[in-house]
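Visitor: below is the sequence, then the predicted model.
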Amino acid sequence: MTAIKELELAYEQAKSDPEFQDEVNCYLREYVGRPTALYFAENITRMVGGAKIYLKREDLAHGGAHKINNTIGQGLLAKRMGKKRVIAETGAGQHGVAAAMACAALGLRAEVYMGTEDMARQRLNVFRMRLLDAEVHPVETGSKTLKDAINEAFRDWVTNLESTYYMIGSVVGPHPYPMMVRDFQSVIGKELKAEFIHREGRLPEALVACVGGGSNALGTFYPFEDDSTVKLYGVEAAGEGVDTGRHAASLGAGAEGIFHGMFTYILQDKNGQIQNTQSISAGLDYPGVGPEHSFLKARRRAEYVSATDKEAVKAFQTLSQEEGIIPALESSHAIAYAMKLAKKMKKEQAIVVTLSGRGDKDVETVANYLDARI
Amino acid sequence: MNAIRNVFANLKTLGNGALIGYITAGDPDPEFTPKIAEALVKGGVDILELGLPFSDPIADGPTIQEASLRALNARTTPQVVLELAKQVRQNHDVPVVIMTYFNPVFRMGLEKFFGAAKDCKVDGVIVPDLPFEEADQYRTSVAEFGLDTVFLAAPSTTDDRLHRIVVCSSGFLYLVSHFGVTGAKSTVESSTIQLVKRVRTFTQGRVSLAVGFGVSKPEHVKSILSAGADGVIVGSAFVNIISRNLLYRKKMLAGIESTARVLKQATLHYLSPS
């Protein structure tokens, strides 16, 4: 508690310090390459034959995903707090890579916890982290995926509180993390809003983003929370199907509970034990979800839906073939749902999908899924 | 809810400290837990702490993580743990404290869980992932059923929070001896001794002070009690004996009993009887 109170205080001070904000913005512009583009996906729009589909191109951010928005912000905060050692957890490896990049750029030491199951399916990212001079700690406990990596990172943090900053990768964990990560990721929604208004002179009818922990979705939704005409859709991983029990749809099929320091929807059994999740995309493979998403669901401000592995892979192929953009498997879930949604909407309406990352890291997984040789 | 307090008070009049023994209920299987509890009591444990296994025990090191997994694989549900507590409480004259993470309690429902705990003669509860700041409803519910609420303090706990943790705690206050998770250690750090002395000034005359995390040897027990603690909590040292002797159950029980006896011996006469 003492450590998270210290963090909360440091963040509140940083947030109201124009110098800190300038520093963050400077890195976002010159290091991350923001603003990222808003792209009108004309070909899939024509193919679907409904609402216009726009893509917010977070895949074009440095490192190939939105994760860097958060790691730069938290990295600068860690520096401000005088911490030299940064620990992080990672599922797909995207947050680990982004943490390693930010730490390298800011002169911090990075150590990343990663489940051995995830290390096997994301070998490329493991090597990328090592290239970036981060140490990768394999996690052998539990399901050997993201939740276990978070457990291990927490255990490290309580052991090394004084020297260490825990750089969490999504809008999860104890306060102030969900709020802080949301703030750093809100640059997505803020840019998107300005860009869309500039092009269309109005707001879009719907926003669609994938939800694992939920950081790219919350960063997309948050600046639109009060714009009640804009519908918000979060897309969870339905794995082999929500009714098979082999999925990661915490909001869709979970129940309220307490996990990783938050009160939120959790996939758990009747005795309150956390369940293992299943998804083709390692980044969505988490049995909880950011508490603010649970709040948006409870208020009915956002709607949470899901896409299966099969639908995501299909969308992965479609976007590659039609638009020449290989999306991350996580983002492919959002694309899959957006295409369904667009079909039901009018041609003069528009959807913006947050393309949270690029799919180079997933090529091997998709090849295996399709039984293709590479 | 006076059983725990009475244990500490009686020990104090003799100049002795309390030995609190932890095991994960259901490890290696629920049928064997009463036997392990019996060995602990025979060895001299004053209070028994039964862990209700959770899938993601973030405050625990590898020893208790593995114990939790063994117990869950042996189908140890919250109901099973409460039944085991009842059995142990009936067989032996030692208070029983349940240690668990908050989600299994929340999932069953606070009223239902603590009601059942009371029916099973459980004396107190410890929930390491529930800070007192978030525990109003929990405290109300526990108090309703007359159980003790043991809260944890850590080396990083500020004086201000410590003061309030003392107010919230009944039975005893659980002081985490060092930065980190549970697990047997070879030495007690000098910072632990300083910590006990600091916390002691807050607990004295209000609530008993027990120190856990890393305590595994008689010399640890002596130095912690000499620094002013009223008791010690030993967990991983016992669980290690279980995990090393999974196929040798007789040896397991003998090891547990003799280890408890040696540790209990170390709690005797550390201060002059009052």
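Guide: Arrived safely.

Visitor: can you count the residues close to residue 66?
Guide: Since you didn't name a chain, this refers to chain A. Counted with other C-beta atoms under 10 Å in any protein chain shown, the neighbours of residue A:66 add up to 32. C-betas here are computed from N, CA, C, even on glycine.

Visitor: that's the wrong chain, I meant chain B
Guide: Neighbour tally, residue B:66, other C-beta under 10 Å: 18.

Visitor: now swap in residue B:31 and tell me
Guide: 10.

Visitor: kindly report the same for residue B:179.
Guide: Neighbourhood size, residue B:179 [other C-beta under 10 Å]: 18.

Visitor: that one and chain A: what is the separation?
Guide: 5 Å (C-beta to the nearest C-beta, to the nearest Å).

Visitor: just say helix, strand or coil for that residue.
Guide: When classified by DSSP: H, G, I helix; E, B strand; the rest coil, residue B:179 comes out as coil.

Visitor: now do residue B:92 against chain A, distance only.
Guide: 27 Å.

Visitor: and for that residue, the neighbour number?
Guide: Neighbours around residue B:92, by other C-beta under 10 Å: 17.

Visitor: quick one, phi psi at it?
Guide: Torsion angles at residue B:92 (phi, psi; degrees, to the nearest 10) stand at phi -130, psi 150.

Visitor: for the nearest residue to it once chain neighbours are set aside, grab phi and psi.
Guide: Distance criterion C-beta to C-beta, 6 or more residues apart in numbering or on different chains; nearest residue to residue B:92, sequence neighbours excluded, is residue B:41 at 4.6 Å. Backbone torsions of residue B:41, given as degrees, to the nearest 10, read phi -70, psi -40.

Visitor: how about the contacts made by residue B:41?
Guide: By C-beta atoms under 8 Å, 6 or more residues apart in numbering or on different chains, the contact list for residue B:41 reads B:48, B:92, B:94.

Visitor: assign a three-state SS to the last one, would you?
Guide: The three-state assignment at residue B:94 reads coil, by three-state DSSP.

Visitor: give me the pLDDT for residue 95.
Guide: Using chain A. With respect to pLDDT, residue A:95 scores 97.

Visitor: wait, chain B was what I had in mind.
Guide: For residue B:95, pLDDT reads 98.

Visitor: burial measure for the residue lying closest to residue A:151 once chain neighbours are set aside, as a count.
Guide: Leaving out its chain neighbours, the residue that sits closest to residue A:151 by C-beta to C-beta, 6+ apart is residue B:58, at 4.9 Å. Applying other C-beta under 10 Å, we find 21 other residues in the vicinity of residue B:58.

Visitor: residue B:58 belongs to a strand, doesn't it?
Guide: No: going by three-state DSSP, the assignment for residue B:58 is coil, not a strand.

Visitor: ok, now which ones touch the residue in the stretch 251-374 of chain A that chain B sits nearest to?
Guide: In the stretch 251-374 of chain A, the residue that lies nearest chain B is residue A:272 (3.1 Å; C-beta to the nearest C-beta). Residues near residue A:272 by C-beta under 8 Å, 6+ apart: A:257, B:54, B:78, B:103-108.

Visitor: closest to residue A:203 among those?
Guide: Among those, residue A:257 lies closest to residue A:203 (C-beta to C-beta), at 35.0 Å.

Visitor: who does that closest one bridge with?
Guide: residue A:264 (DSSP bridges).

Visitor: my guess is it contacts residue A:267, does it?
Guide: No: assessed by C-beta atoms under 8 Å, residue A:257 is found out of contact with residue A:267, at 9.0 Å.

Visitor: okay, now the residue in the stretch 101-250 of chain A that chain B sits nearest to: neighbour count?
Guide: Relative to chain B, the nearest point of the stretch 101-250 of chain A is residue A:159 (3.8 Å; C-beta to the nearest C-beta). The number of residues packed near residue A:159 is 13, by other C-beta under 10 Å.

Visitor: so it sits against residue B:180, correct?
Guide: Yes: at 3.8 Å, residue A:159 and residue B:180 qualify as touching, with contact defined as C-beta under 8 Å.

Visitor: okay, and the common contacts of the two?
Guide: Common contact partners of residue A:159 and residue B:180 (C-beta under 8 Å, 6+ apart): none.

Visitor: so where is chain A shaky, pLDDT-wise?
Guide: Applying pLDDT under 70 to chain A flags no residue at all.

Visitor: interface residues of it facing chain B?
Guide: Within reach of chain B by C-beta under 8 Å from any C-beta of the partner chain, chain A has these residues: A:1-3, A:141-142, A:147-148, A:151, A:154-155, A:158-162, A:255-261, A:266, A:268, A:270-274.

Visitor: filter those down to the ones in helices?
Guide: The helices, defined by DSSP state H, take in A:2-3, A:147-148, A:151, A:154-155, A:158-159 from these.

Visitor: ok, those vs residue B:159, which is closest?
Guide: Using C-beta to C-beta, residue A:2 is the member of those that lies nearest residue B:159, at 10.9 Å.

Visitor: who's in contact with the nearest residue to the closest one once chain neighbours are set aside?
Guide: In space, and not counting its chain neighbours, residue A:2 is closest to residue B:156: 4.1 Å by C-beta to C-beta, 6+ apart. Applying C-beta under 8 Å, 6+ apart to residue B:156 gives the contacts A:2-3, A:161, B:179.

Visitor: hmm, back to that, please report how far the residue of the stretch 251-374 of chain A closest to chain B lies from residue A:262.
Guide: 15 Å (C-beta to C-beta, to the nearest Å).

Visitor: ok and the residue in the stretch 101-250 of chain B nearest chain A?
Guide: For the stretch 101-250 of chain B, C-beta to the nearest C-beta, closest residue to chain A: residue B:107, 3.1 Å.

Visitor: helix/strand/coil for that residue?
Guide: Criterion first, three-state DSSP; result for residue B:107: helix.

Visitor: what helices or strands is the host helix or strand of residue A:312 leaning on?
Guide: Following DSSP states H and E, one finds residue A:312 within helix A:309-323. Judged by 3 or more C-beta pairs under 8 Å, 6 or more residues apart in numbering or on different chains; DSSP states H and E, helix A:309-323 is in contact with helix A:42-48, helix A:329-343, helix A:363-369.

Visitor: hang on, the earlier thing: so how far is residue B:105 from the closest residue to the residue of the stretch 101-250 of chain B closest to chain A other than its chain neighbours?
Guide: Spatial nearest neighbour of residue B:107, chain neighbours left out: residue A:272 (3.1 Å); criterion: C-beta to C-beta, 6+ apart. The span separating residue A:272 from residue B:105 equals 7 Å under the rule C-beta to C-beta.

Visitor: for burial, what's the neighbour tally of the closest residue to residue B:124 other than its chain neighbours?
Guide: Excluding the flanking residues, the one nearest residue B:124 by C-beta to C-beta, 6+ apart is residue B:148, at 3.3 Å. Using other C-beta under 10 Å, residue B:148 has 23 neighbouring residues.

Visitor: ok, residue A:229 next?
Guide: 10.

Visitor: ramachandran coordinates for it?
Guide: The phi and psi values for residue A:229, taken as degrees, to the nearest 10, are phi -80, psi -10.
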